[in-house]
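>>> Fold the following.
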Amino acid sequence: MANTTFLQMQEEVERQCRMDLDNSDQLKAIKYWINEGHDLLMGLTQWWFLEQVYTITLSNLRLFPFPTTNEAEVASILTSIDVQSMRTRKKVLTWVHPNDIDRDSEDWTTTSERGTPTHWTTEGENIALNKKPNDNYISGQVALHFRGYQAFTELSADGDFSDIPQGWRYVPILHAISKGWDRQGDEQQSRRFAAEFDMESEKMVGRCRPIRGPQRRAKAHTIWTVPSRRAGRATSTRRR
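Model (predicted):
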């Protein structure tokens, strides 16, 4: 099966909701709803296809900004961090709540002392070490490595592909169709597709896995979550 493009996703919403992609306002709304559907899915679980291993080169600093898509991008691409995965080349670093570091070392955020970090926490969108690394530590450990979950790549160009595996790309479309029928004033159809989106989302959580086979009980990873930002952009396509 060929990959479904962003344009094809838009066209399906257009067809289902009897909308018009040649209408710039409707086009903008449909694009927004599809991306909004991705964001709703992102909050349901830690999706395997969004997991990445990140590397941050060490230096004589205490704070290391979260990874971004490129140097020009200010916002972090992380939605959460597997806190048990933080390590250097040779050592595991233990996550602690910043209040605990505050109690153990009141001046840890202002001291110029350098040494061997043993713990890490977060400050804003930064990884914070409990000590600034010294030169010996940097030369031996080189970089921080950790697993994190990135945000969905926002779809913009017609030829873009969703991060979702092909077989599940219809799910965010259901959300967009629900919003489209709401805009068209058909509440019954809107509720129908909203319910279908919820049902298929639950199915996706249970079945969209990278491997198949007998399930076994395992302790879940401790996850540190980064808030979503899309809510602040919703006003541009609000129904009038």
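>>> Need phi/psi at the residue sitting nearest the centre point of the chain.
In the chain, the residue lying closest to the centroid (Cα atoms, centre = their mean) is residue 151, at 2.4 Å. Main-chain dihedrals, residue 151, degrees, to the nearest 10: phi -70, psi 160.
>>> now residue 82
With angles defined as degrees, to the nearest 10, residue 82 sits at phi -80, psi 100.
>>> where are the low-confidence patches of the protein?
Applying pLDDT under 70 to the chain flags residues 1-2, 69-76, 212-240.
>>> For it, just list every one of the strands.
Assigned by DSSP state E, the strands in the chain fall at 51-57, 63-65, 78-82, 94-95, 114-115, 119-123, 126-129, 132-133, 143-150, 223-225.
>>> Name the strands paired with the first one and say parallel or antiparallel.
Partner strands for strand 51-57, per DSSP bridges, with pairing direction: strand 143-150 (antiparallel).
>>> buried sites along the partner strand?
The neighbour-count check on strand 143-150 (16 or more other Cβ atoms under 10 Å) flags 144, 145, 146, 147, 148, 149, 150 as buried. Every residue, glycine included, has its C-beta placed from N, CA and C.
>>> From residue 99, how far off is residue 131?
17 Å (Cβ to Cβ, to the nearest Å).
>>> thinking residue 123 is in contact with residue 63, fair?
Yes: contact criterion Cβ atoms under 8 Å: residue 123 and residue 63 qualify, at 6.2 Å.
>>> Neighbour count: the two, which is higher?
The neighbour comparison of residue 123 against residue 63 (other Cβ atoms under 10 Å) goes to residue 63, with 14 against 11.
>>> May I have the beta-bridge partners of that one?
In this entry, residue 63 is beta-bridged to residue 128, by DSSP bridges.
>>> Identify all contacting residues around the helix ranked longest in the chain.
Longest helix in the chain, counting residues (DSSP state H): helix 187-207. For helix 187-207, contacts defined as Cβ atoms under 8 Å, 6 or more residues apart in numbering pick out 37, 40-41, 44-45, 168, 170-171, 174-175, 177-179, 181-182.
>>> Just the buried subset of the residues you listed, please.
The neighbour count (16+ other Cβ under 10 Å) marks 37, 40-41, 168, 170-171, 174-175, 177-179, 181-182 as buried among the contacts of helix 187-207.
>>> how close does residue 18 get to residue 50?
The spacing between residue 18 and residue 50, counted by Cβ to Cβ, is 33 Å.
>>> neighbour-wise, which of the two wins?
More neighbours surround residue 50 than the other of residue 18 and residue 50, with 21 against 10 (other Cβ under 10 Å).
>>> contacting residues for the more buried one?
Here residue 50 is in contact with 42, 79, 149, 150, 151, 152, 163 (criterion: Cβ under 8 Å, 6+ apart).
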